[in-house]
Each structure stands twice: as structure tokens, then as C-alpha cells.
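Peer 1: need the 3D shape of this:
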Amino acid sequence: MQRAFGRAHNNLLGTLNKIYPGKLILSFNTSAIHNKIIRKMARINVPNPTNPVNNKQGPYMCVPFGKALSNVSVVNTVTKALHIR
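Peer 2: Numbers count the residues shown, from 1 in each chain. Presented below is the predicted three-dimensional model:
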């Protein structure tokens with residue numbers, strides 16, 4: 001199944017290259033990007049061990065913009081979405 005998805009992905013990129021010749025086409029694995037961002041945020045936002053009252057969340061807040069990390073919870077971090085219309 002993974003090989004089939006890989007072939008379909010490559011076929012799609014090939015077709016897009018034919019439709020838009022000379023243009024840069026970037027393909028991202030959003031799941032991998034989200035996981036890396038979440039791990040980095042959790043590492044940076046470690047709760048303060050000297051404050052026993054509030055030891056569940058770290059001192060920083062995450063404010064994702066647009067679709068980045070929408071509907072994603074981050075360990076030890078308060079999140080608030082920012083929407084601009």
C-alpha cells in the first residue's frame with residue numbers, strides 16, 4: 001500500500017510539472033512537519049519544577065496562524081488559534 005501511495009504521489013507531481021512547466025512545485029508531508037514542530041515546542045515549553053501549583057503547563061503559549069497546527073494539542077502548552085479575515 002505504501003508503494004502504491006508513493007507511485008500515485010510521484011504520478012501526481014509529474015502531472016503537475018507538465019501542467020505548470022518551469023514552476024517550482026513543493027510537496028510537504030504535513031504530518032511529519034507537525035510532529036517535528038510539536039516535539040520542539042514540548043521540549044522548549046517544559047513546566048517549571050519549582051512551582052508545584054502550576055506544573056501542568058509551561059511558561060509559553062502557542063498561537064498558530066491559519067491552518068498550521070489547527071485542531072492540534074501540544075503537550076504542556078496552552079494554544080490559541082489566530083484567525084484573520
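Peer 1: the strands in the chain, which residues?
Peer 2: Under the criterion DSSP state E, strands of the chain are mapped to 61-62, 78-79.
Peer 1: quick check, distance from stretch 4-20 to the centre of its chain.
Peer 2: For stretch 4-20, the distance from its own C-alpha centre to the chain's C-alpha centre is 23 Å (C-alpha atoms, centre = their mean, to the nearest Å).
Peer 1: quick one: average pLDDT of that stretch?
Peer 2: For stretch 4-20, mean pLDDT is 93.
Peer 1: restrict that stretch to CA atoms and write it as CSV.
Peer 2: Backbone C-alpha positions of stretch 4-20 (Å, rounded to 0.1, in the frame of the first residue of the first chain) are rendered in CSV as follows:
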residue,chain,number,x,y,z
ALA,A,4,1.1,2.4,-4.3
PHE,A,5,0.7,5.7,-2.4
GLY,A,6,4.3,6.6,-3.4
ARG,A,7,3.7,5.9,-7.0
ALA,A,8,0.4,7.8,-7.0
HIS,A,9,2.2,10.8,-5.3
ASN,A,10,5.0,10.7,-7.9
ASN,A,11,2.5,10.5,-10.8
LEU,A,12,0.6,13.5,-9.4
LEU,A,13,3.8,15.5,-9.1
GLY,A,14,4.7,14.5,-12.7
THR,A,15,1.3,15.7,-13.9
LEU,A,16,1.6,19.0,-12.0
ASN,A,17,5.0,19.5,-13.6
LYS,A,18,3.5,19.0,-17.0
ILE,A,19,0.6,21.4,-16.3
TYR,A,20,3.0,24.1,-14.8
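Peer 1: thanks again, I'm all set now.
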